[in-house]
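>>> Here you go, sequence then predicted model.
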Amino acid sequence: MDDAAFERALYIARRKAEKAITDDSDFYIPSLSAQVVSYKGLVMPSYLPVFYKDLNDERLETAICVFHQRFSTNTWPQWRLAQPFRYLAHNGEINTVQGNRNWALARGAKFATSLIENMDA
């Protein structure tokens with residue numbers, strides 16, 4: 001099967017497992033994809049390279065990385081409350097679209113790559 005069909009099959013397998021296992025509140029599948037690796041851990045950020053040894057492997061390459069740490073004072077850490085980061089991330093302020101746009105515009109100049117020419121035009 002092609003890549004898109006394989007991703008769909010993995011998605012369906014993950015959703016079926018999530019729907020089938022309803023009696024275990026700790027059951028959680030962070031990622032089931034041939035394209036996305038999602039690391040999750042209820043650990044302090046400084047321990048991530050210790051917990052996930054492959055993050056120190058120089059052969060590991062990625063086009064993008066999203067890192068999120070959450071220090072909540074009003075809930076106990078639980079897998080089901082964690083952001084999935086499968087294809088989308090949010091900062092918790094879902095209803096502040098304009099605020100998120102302003103944040104991105106304010107920091108846009110910090111992002112640069114030699115692979116994309118000037119986008120100002």
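Perfect, I can see it now.
>>> From now on I want contacts and neighbour counts done on CA atoms only, so please keep to that.
Fine.
>>> buried residues in the longest helix seen in the chain?
Under DSSP state H, the helix in the chain containing the largest number of residues is helix 3-20. Neighbour-count burial for helix 3-20, with 16 or more other Cα atoms under 10 Å as criterion, is recorded at Glu7, Leu10, Arg14.
>>> Disregarding residues adjacent in the polypeptide, which is nearest to the last one?
Distance criterion Cα to Cα, 6 or more residues apart in numbering; nearest residue to Arg14, sequence neighbours excluded, is Leu32 at 6.5 Å.
>>> is it true that that neighbour touches Ala9?
No: if you go by Cα atoms under 8 Å, Leu32 and Ala9 don't touch, sitting 9.8 Å apart.
>>> Distance of the residue nearest to Arg14 relative to Leu10?
Applying Cα to Cα, to the nearest Å, the value for Leu32 to Leu10 is 6 Å.
>>> State the mean pLDDT of the longest helix of the chain.
Helix 3-20 shows a mean pLDDT of 90.
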